[in-house]
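# Below is the sequence, then the predicted model.
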Amino acid sequence: QVQLVESGGGLVQAGGSLRLSCAASGRTISNYAMGWFRQAPGRERERVAGISGSGRTTYYVDSVKGRFTISRDDAKNTMYLQMNSLRPEDTAVYYCASATVFFIPIQASAYKNWGQGTQVTVSS
């Protein structure tokens, strides 16, 4: 069982940047796909980005393409989400999650371990 802890959220003005971190403990994240999700008030959870076990394949939801970058440092057992050109509609609680497979899963149910979330608020 892996434990995940997100950090790096906060309040930022539109156009600004934040870098989220997801620190894992309990087992290595190496060779396991990881992902970032977000949930805004009154809305369903949305998959934002995913990264394969090798880090060579990534996925982004259309709304963040070109603005967000997912990465991983397996030596530090940590995953990151660099968020640039932030918009008010990016405001949400962001969660990191770990899958039990190598390739990026499509279904959220394939992600078995979740962090507690970190709030990102983008003011206009």
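Sure thing, it's come through. Numbering: from 1, shown residues only.
# just how off-centre is stretch 109-123 within its chain?
Counting by C-alpha atoms, centre = their mean, to the nearest Å, stretch 109-123 is centred 7 Å from the centre of its parent chain.
# Equivalent analysis for stretch 105-122, please.
Relative to the centre of its chain, stretch 105-122 is centred 7 Å away, using C-alpha atoms, centre = their mean.
# Quick check: buried residues in it?
The neighbour-count check on stretch 105-122 (16 or more other C-beta atoms under 10 Å) flags 105, 111, 113-115, 117-118, 120, 122 as buried. C-beta: built from backbone N, CA, C; applies to glycine.
# Output those as CSV; include the columns secondary structure and pLDDT.
Converted to CSV, those look like this (DSSP: H, G, I helix; E, B strand; the rest coil; pLDDT from 0 to 100):
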residue, secondary structure, pLDDT
P105, coil, 92
Y111, strand, 94
N113, strand, 95
W114, strand, 97
G115, coil, 97
G117, coil, 97
T118, strand, 98
V120, strand, 98
V122, strand, 98
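# of those, closest to R27?
N113 (9.2 Å; C-beta to C-beta).
# Run through the bridge partners of that closest one.
Taking DSSP bridges as the rule, N113 bridges to S98.
# who are the neighbours in contact with it?
Shown in contact with N113 (C-beta atoms under 8 Å, 6 or more residues apart in numbering): 1-4, 97-98.
# Also Q1?
26-27, 113.
# Tell me the one among the buried residues of stretch 105-122 nearest to R67.
Looking across these and measuring by C-beta to C-beta, the closest to R67 is V122, at 11.5 Å.
# so what's that closest one closest to, chain neighbours aside?
L86 (4.6 Å; C-beta to C-beta, 6 or more residues apart in numbering).
# mind checking the SS state of that neighbour?
The local conformation at L86, judged by DSSP: H, G, I helix; E, B strand; the rest coil, is coil.
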